[in-house]
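> what's the 3D shape of this:
(one chain, ligands or ions: 2)
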Amino acid sequence: MTLSIRPELTAADVISSLSHQQQPTVTEAEMMQAVRTLLIGLGENPDREGLKDTPKRVVKALKFLTNGYDQSVDELLNGAVFTEDANEMVLVRDIDIFSSCEHHILPIIGRAHVAYIPNGKVIGLSKIARICEMYARRLQVQERLTLQIANALQGLLKPQGVAVVIEATHMCMVMRGVQKPGSWTVTSAMRGVFSEDARTREEFMNLIRHSANFK
Ligand SMILES: Nc1nc2c(ncn2[C@@H]2O[C@H](COP(=O)(O)OP(=O)(O)OP(=O)(O)O)[C@@H](O)[C@H]2O)c(=O)[nH]1
Ligand SMILES: [Zn+2]
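Ligands and ions are numbered 1, 2, ... in the order given. Below you'll find the model as predicted:
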């Protein structure tokens, strides 16, 4: 791809117009140096024993928490879409979500509930959790995370419908800022019959509320 850089644009404009894959590379050493600078800015001595490896650890941790950028749906799916004559709701509930908010790079912790009604194709159940994981391991807002999961399933399976609900608490609202420890946010994305038919949506909502009998 050729990138034409217009002189009136700042470097930040250019960088924000690039997708993640197209961004200029930054070395790990530069990332570690940035963490070291942060520590100094916080009034710490980055050379004291407890902190001397912290830049390395922070970079490693942040890379892990955002490793969803390096994955694609095709890759994680590994072909696990099967032709099946099923047309009743499939729901995977209580999928743990550990994401990071893009505003503060602080944790978003919660659970996702994902349902679909097949239309000739089913997906390996673990792949639903893997799709959630892939999008969660990026810098996110909860709304976009919810939509991305719904859109991925819609695109892959062309099902009769998809429903995604995420319930999560944001550490940027709990530990800092407005400091509301009890607050949690619910987001949903409904596609196809879940959006068009109130009874189907209600069945889904009831199923994500009841407790499992085997627990
Ligand atoms: N819509 C949405 N907002 C989020 C999410 N994660 C964090 N936020 C919010 O993003 C907003 C950022 O607001 P700003 O005023 O720019 O930042 P701030 O000064 O740190 O805001 P406060 O948290 O109110 O102190 C805050 O209201 C956060 O609660 C998310 O997943 N979705
Ligand atoms: Zn935040």
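> tell me the centre residue of this protein?
Computing the C-alpha centroid of the chain and ranking residues by CA atoms, centre = their mean puts residue 136 first, at 1.9 Å.
> which residue comes closest to that one once chain neighbours are left out?
Spatial nearest neighbour of residue 136, chain neighbours left out: residue 99 (4.1 Å); criterion: CB to CB, 6 or more residues apart in numbering. C-betas here are computed from N, CA, C, even on glycine.
> likewise for residue 145?
Closest residue in space to residue 145, ignoring its immediate chain neighbours: residue 135 at 5.3 Å, by CB to CB, 6+ apart.
> and that neighbour, what is it in contact with?
68, 145, 148, 149, 152 (CB atoms under 8 Å, 6 or more residues apart in numbering).
> how does it look with 7 Å?
Residue 135 makes contact with 68, 145, 148, 149, according to CB atoms under 7 Å, 6 or more residues apart in numbering.
> need phi/psi at it.
phi -80, psi -30 (degrees, to the nearest 10).
> related to what we said a few turns ago, so who does the residue nearest to residue 136 touch?
The contact partners of residue 99, by CB under 7 Å, 6+ apart, come to 108, 136, 140, 145.
> what is the burial count for the residue of the chain at minimum distance from ligand 1?
Nearest residue of the chain to ligand 1 (CB to the nearest ligand atom) works out as residue 177 at 2.9 Å. Here the number of neighbours of residue 177 (other CB atoms under 10 Å) works out to 13.
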